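Engineer: Sequence first, then the predicted structure, then my questions.
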Amino acid sequence: MNINTFSSGTKRAQNDYYTFLPTLIDHSWKWSDSELNVLLEKASSELGSLNAFSDLIPNVDIYIEMHIKTEANKSNKIEGTKTTIEEDLMPLEDISPEKRNDYQEVHNYINALNYGISRILQDDFPLCNRLICEVHQLLLQGVRGKYKTPGEFRKSQNWIGGSKPSNAAYVPPSILDLPELLSDFEKFINNDDCNVPHLIKIAILHYQFETIHPFLDGNGRIGRLIIPLYLLSKGILSKPCFYISDYFESHRTEYYDSLNRVRTHNDLIGWIKFFLQAVISTALTAKDKFKKVTAYVHTLETLAVSLGGRSDNTLKVIRAFYDNPILNSKQISNITGLSQPTTDNIIKRLSDKNAHILYELTGYSRNRIFVLWNYLKIFY
């Protein structure tokens, strides 16, 4: 199939509205566009560089966990959640009641992504419709979409915008067309004989998933989750260090416009170019973050040794913040195994105005929350 002459699909009459039936994608693909070739070469190079760099960083898995938490905030923000990254890192009881649903949605995203990563890297399970449904079930567990058949492809018509299909901005395929579309989607994921570069392939897959919109809720988040899971499943990444939602969130209008233009103007090549630009920017940003965090941690741990007290205990407290840079004293004590008085003394030294390592967030004399701020802001 030729990307330059791609026809996105057809409209099908359904009573008083039309559904969109997308073209099947499990084909070999070709194109004649020099700009796309240049972008593909650059994107592949930057992603490969990020992968190699992540393999060399000590303790990279800890930093990747922070990367995942930031991704969860950004991906959910596209869907309208209002929590800040700082709030997402706090215990639930410290979150205002009106934001707790948003908080839970972000944490579901983290759990769902980590589950998918584990299934692929530890269980050697392929990316497929079954795994996508398993991830979806975790995503909607106990949140606003919990009654919208978590873990199951839809059995009723959905739509985007408007109050009903007849006045909607977009109506995805009918449920009668879903089996063939989802089978084709899964076949293309695992068709290793189609001779399509992986970055072109995942760009097409992301567009197709959002167009099919196979769930009643959570399609945008699942569609973005599929991107890193695909790259891991195909060995393009050896570690889960690439998350594109920050770029999509900061270019939200262009992101949605590029996807829509495929359906309205058959502009698949425009979407792929946008996607490759996003890959380039995301890979460069991720590598820059990893460089900065390793340099900061080295400086921080060198400084911590000079603050007095037992340096091994001081390092235990500091390292407790790497996985979650916002903690209260009790959490730190539980993580490190240090007594509460010892923990409090170390916190006092680290939050001294001359140390500038920990910062207190609440301003209270009790139930205080501390942030390793210079570490956290690297991941923003």
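Structural biologist: Received it, and whenever you're ready, just let me know what you need.
Engineer: domain parsing for the protein?
Structural biologist: When the chain is parsed with automatic domain parsing, its domains come out as 9-287, 306-379.
Engineer: Grab the longest helix from the protein for me.
Structural biologist: In the chain, taking DSSP state H as the definition, the longest helix is helix 268-305.
Engineer: Pull out the buried residues from that one.
Structural biologist: For helix 268-305, the buried set under the neighbour-count rule, 16 or more other C-beta atoms under 10 Å, comprises 268-283, 286-287, 289-290, 293-294, 297, 300, 304. Glycine gets a C-beta too; all of them are placed from N, C-alpha and C.
Engineer: what is the mean pLDDT for it?
Structural biologist: What helix 268-305 shows for mean pLDDT is 93.
Engineer: Quick one: list the elements packing against it.
Structural biologist: helix 34-56, helix 60-78, helix 198-212, helix 245-250, helix 252-265, helix 311-323, helix 373-376 (3 or more C-beta pairs under 8 Å, 6 or more residues apart in numbering; DSSP states H and E).
Engineer: Kindly reformat these as JSON lines containing mean pLDDT and mean neighbour count.
Structural biologist: As requested, the helices and strands packed on helix 268-305 are exported to JSON lines (pLDDT from 0 to 100; neighbours: other C-beta atoms under 10 Å):
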{"stretch": "helix 34-56", "mean pLDDT": "94", "mean neighbour count": "16"}
{"stretch": "helix 60-78", "mean pLDDT": "87", "mean neighbour count": "21"}
{"stretch": "helix 198-212", "mean pLDDT": "98", "mean neighbour count": "22"}
{"stretch": "helix 245-250", "mean pLDDT": "93", "mean neighbour count": "21"}
{"stretch": "helix 252-265", "mean pLDDT": "96", "mean neighbour count": "16"}
{"stretch": "helix 311-323", "mean pLDDT": "91", "mean neighbour count": "18"}
{"stretch": "helix 373-376", "mean pLDDT": "91", "mean neighbour count": "18"}
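Engineer: Reformat these into a markdown table and put distance to Tyr109 next to each item.
Structural biologist: Formatted as a markdown table, the entries for the helices and strands packed on helix 268-305 read as follows, by distance: least, C-beta to C-beta, whole Å:
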| stretch | distance to Tyr109 |
| --- | --- |
| helix 34-56 | 21 |
| helix 60-78 | 4 |
| helix 198-212 | 16 |
| helix 245-250 | 9 |
| helix 252-265 | 17 |
| helix 311-323 | 17 |
| helix 373-376 | 19 |
